[in-house]
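**Student:** Curious how this folds, go ahead:
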Amino acid sequence: MTITAIWRYPVKSMAGERVRSTQLTNTGLLGDRVVQVYDRRGRMITARTFPRLLQLHATLGIDGEPLVDGLPWRSREVEQRVEAAVGPGARLQRFDGAERFDILPLLVCTDGAVSTFGHDVRRLRPNLIIGGVGGLAERQWPGAILRLPDAEIALADLRRRCVMTTYDPDTTAQDPDVLREIVRRFGGELCLNAAVVRAGLVEVGNRADLIAR
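**Tutor:** Have a look, this model is predicted:
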């Protein structure tokens, strides 16, 4: 098995970026979800309730600070785009703590499960895609360790999927049948929540070995 894709999302709930390599830290991929969106009441919000956020594209600049549509995330232009997606008073704020993740710092998907899913993988918002995995073999992985050349990942449990999967990543058009299909075919669970056991460099093409629980 190998890593076939790495995705990170510098601003939580915005479209992310596919990268060739990055550091895996104790709190996930370097730069992943380090900026979040808050409403005017100071509550962290996501594209589950404001899907237009998915049309904003976040990347990580060379200085380690996120860019939104190529603009500095603190800029007035970005503030206006966030307010247009969410409403007046919405703002971005940086927080690097582990609490910024909904569950665990990593989401690991396999090529077999993604192929069986049959829709755009961006609907699943993975961090790592592991290639060379047949069918739905990932469903037997909870509790195992994924060993990479310079890092190790603990695979905790299958991810319960939510309404985010129903939004087209490009148009944000909603198709509720996508989530209904996940419930019907996969029991509502697809891909794996994971935590970092040993930090280090991760690269596309890295060998990935599954160490049984």
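**Student:** can you count the residues close to residue 77?
**Tutor:** Residue 77 is flanked by 12 other residues according to other C-beta atoms under 10 Å. (C-beta placed from N, C-alpha, C; glycine too.)
**Student:** Check what pLDDT it gets.
**Tutor:** In the prediction, the pLDDT value recorded for residue 77 is 98.
**Student:** what's near enough to touch it?
**Tutor:** Under the criterion of C-beta atoms under 8 Å, 6 or more residues apart in numbering, the contact partners of residue 77 comprise residue 71.
**Student:** gap between it and residue 88?
**Tutor:** Distance, residue 77 to residue 88, by C-beta to C-beta, to the nearest Å: 16 Å.
**Student:** Spatially, what comes nearest to residue 98 if we skip its sequence neighbours?
**Tutor:** Nearest-residue entry for residue 98: residue 27, 5.0 Å, with adjacent residues in sequence omitted and distances by C-beta to C-beta, 6 or more residues apart in numbering.
**Student:** pretty sure the one you found contacts residue 196?
**Tutor:** Yes. Under the criterion of C-beta atoms under 8 Å, residue 27 lies in contact with residue 196, with a separation of 7.4 Å.
**Student:** any common contacting residues for these two?
**Tutor:** If you check residue 27 and residue 196 against C-beta under 8 Å, 6+ apart, the residues they both contact are residue 105.
**Student:** can you map out the helices along the protein?
**Tutor:** Across the chain, reading from the start of the chain, the helices by DSSP state H fall at 76-86, 111-117, 177-186.
**Student:** Now the shortest one: buried residues?
**Tutor:** Put plainly, it is helix 111-117. Judged by neighbour count using 16 or more other C-beta atoms under 10 Å, the buried positions of helix 111-117 are 111, 112, 113, 114, 117.
**Student:** Report the distance from that helix to the chain centre.
**Tutor:** On the basis of C-alpha atoms, centre = their mean, to the nearest Å, helix 111-117 is displaced by 16 Å from the centre of the chain it belongs to.
**Student:** other SSEs contacting that helix?
**Tutor:** strand 128-131, helix 177-186, strand 189-198 (3 or more C-beta pairs under 8 Å, 6 or more residues apart in numbering; DSSP states H and E).
**Student:** State the pLDDT value of residue 212.
**Tutor:** Here, the pLDDT recorded for residue 212 equals 85.
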